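Asks: Okay, structure incoming, though there's no sequence with it:
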């Protein structure tokens, strides 16, 4: 069946001199794997540059009922990035976002709300001209809502410590080591309820990096197979 969908490129793998295997998160079908052939064919609409990570594409695809590797008939760019490829700080945030979603999103079931959240985040990163240093923190907290691992909204004067393992705010530190102190717990609560306040909550790289690292710990605890990440170390150096 031939279908049309938009999609965000997660990863490309070279298959041969003129072929690629591409992981794409689509609006209509969820995560899909496509075989791209004929990259050196002048008549083909497919070019290697179109499949850079996080490229946003319009796709005409052959959707096979049995799943597996699908194929793309036609494609075009929906949104050519204007600033991300030329701004090293934005580029590092994009690299971080790409690494998170590649590890966290594995479902082949369509989730248009998740797709639009990713789309909106990438456009916002590209178009924001002012402060964007905390956008990846907003992304980390916001994404939990779509992955089914959002922190329970039970923060109160009696519950000011966040238990990373259980995903809830508790009255005192648990016996294990996976919890946030009161300062970070309060910031997590504020980020989940008022994400627009990120710039006032994380005014320096120390606070920003500490929150990022602990949120990655949270993802690792709740998402099977969420492994080690390389981009946080780079991001910590760039966003000083």
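Replies: Thanks, I have the structure now. Every value quoted in this text rests on a predicted model; they were computed, and no experiment measured them. Residues are numbered from 1 along each chain as shown.
Asks: Helices of this protein, residue ranges please.
Replies: Using DSSP state H, the helices found in the chain span residues 88-104, 112-127, 135-147, 182-193, 198-201, 205-222, 231-238.
Asks: Let's have the ones you listed in CSV, adding distance to residue 58, mean pLDDT and mean neighbour count.
Replies: For the C-beta atoms, the positions are set from N, CA and C on the backbone; glycine is no exception. As requested, the helices of the chain are exported to CSV (distance: least, C-beta to C-beta, whole Å; pLDDT from 0 to 100; neighbours: other C-beta atoms under 10 Å):
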stretch, distance to residue 58, mean pLDDT, mean neighbour count
helix 88-104, 19, 97, 20
helix 112-127, 12, 98, 16
helix 135-147, 22, 96, 20
helix 182-193, 33, 96, 18
helix 198-201, 31, 87, 16
helix 205-222, 30, 96, 18
helix 231-238, 28, 92, 16
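Asks: So for residue 63, which of those helices sits nearest?
Replies: Taking C-beta to C-beta, helix 112-127 is the member of the helices of the chain nearest to residue 63, at 16.1 Å.
Asks: So what's the gap between that closest one and the chain middle?
Replies: Offset of helix 112-127 from its chain centre (C-alpha atoms, centre = their mean, to the nearest Å): 9 Å.
Asks: okay, the angle between that helix and helix 135-147?
Replies: Counting by axes from the mean of the first three to the mean of the last three C-alpha atoms, to 10 degrees, helix 112-127 lies at 170 degrees to helix 135-147.
Asks: okay, now the domains of the protein?
Replies: According to the domain assignment given by automatic domain parsing, the chain is divided into the following structural domains: 2-77, 84-238.
Asks: got the end-to-end distance for stretch 190-203?
Replies: For stretch 190-203, the first-to-last residue distance is 15 Å (C-alpha to C-alpha, to the nearest Å).
Asks: Contacts for it, please.
Replies: The set of residues that contact stretch 190-203 without belonging to it, under C-beta atoms under 8 Å, 6 or more residues apart in numbering, is 131, 133-135, 137-138, 141-142, 144, 150-151, 153, 187, 207-208, 211.
Asks: thinking again about what came up before, Throw the helices of the chain into a markdown table and include distance to residue 168, thanks.
Replies: Listed next are the helices of the chain as a markdown table, based on distance: least, C-beta to C-beta, whole Å:
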| stretch | distance to residue 168 |
| --- | --- |
| helix 88-104 | 20 |
| helix 112-127 | 23 |
| helix 135-147 | 13 |
| helix 182-193 | 11 |
| helix 198-201 | 21 |
| helix 205-222 | 12 |
| helix 231-238 | 25 |
